[in-house]
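K.L.:
Curious how this folds, go ahead:
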Amino acid sequence: MSDRTPGPRFDKGMAVRRAVLGDAHVDRATRAATALDTDFQTLIVEGAWGTVWSDDSITRRERSMITIALLAALGHHDELKMHIKACRNTGASADDIREALMHVAVYAGVPAANTAFKIAKQVLYEGTEDTDRQE
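P.N.:
Below you'll find the predicted structure:
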């Protein structure tokens, strides 16, 4: 058990994390935390959400597009799926996602983009019959 306590960016980070990812996701992650990864969860909240995502130099829509491109390029598919879902809360559209993934195709490779497009279609069109429809 760690004796680390959350820093000043924790509350701000948690608010942004909830706004972007939604209460249900954050509640699940919080409930799943154990003594092994509590410090890691705090690091995520303070660093990613309380520092990077809390900065207002660019919009949350723009951050979503950057994040999606990076996750797709690096092959982090579970995180990619989560952040595509989060676009519902950041203002990034299906067109924005497409443009981010087109950049992935050119700069990180067609196979990475191909997989990312497949994931995006699954997320964007879940519950519909046609995953190849045009927006």
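K.L.:
pLDDT score for the closest residue to Val26 other than its chain neighbours?
P.N.:
Closest residue in space to Val26, ignoring its immediate chain neighbours: Arg18 at 5.1 Å, by Cβ to Cβ, 6 or more residues apart in numbering. To be clear about C-beta, it is placed using only N, CA and C from the backbone, and glycine gets the same treatment. According to the prediction, Arg18 has pLDDT 98.
K.L.:
same question, Thr128
P.N.:
70.
K.L.:
Could you shift the numbering so residue one becomes 14, and keep it that way?
P.N.:
Okay, using 14 as the starting number, the last item reads as Thr141.
K.L.:
separation between it and Thr43?
P.N.:
According to Cβ to Cβ, to the nearest Å, Thr141 stands 31 Å off from Thr43.
K.L.:
swap in Asp108?
P.N.:
For Asp108 relative to Thr43 (Cβ to Cβ), the value is 33 Å.
K.L.:
Who has more neighbours out of these two?
P.N.:
Using other Cβ atoms under 10 Å, the more surrounded residue of Asp108 and Thr43 is Thr43, with 13 against 9.
K.L.:
Can you verify my assumption that the more buried one contacts Gln54?
P.N.:
Yes: between Thr43 and Gln54 there is a contact under Cβ atoms under 8 Å: 7.3 Å.
K.L.:
Can you pull up the most central residue in this structure?
P.N.:
The centroid of the chain falls nearest to His96 when counting by Cα atoms, centre = their mean (2.7 Å).
K.L.:
got the contact list for that residue?
P.N.:
Neighbouring residues of His96 by Cβ atoms under 8 Å, 6 or more residues apart in numbering: 77, 80-81, 84.
K.L.:
Poorly predicted segments of the chain, please.
P.N.:
Applying pLDDT under 70 to the chain picks out residues 14-16, 142-148.
K.L.:
now do 50
P.N.:
Within the chain, the stretches with pLDDT under 50 are 144, 147-148.
K.L.:
For the residue nearest to Val39, give its distance to Val58.
P.N.:
Distance from Arg31 to Val58, by Cβ to Cβ: 10 Å.
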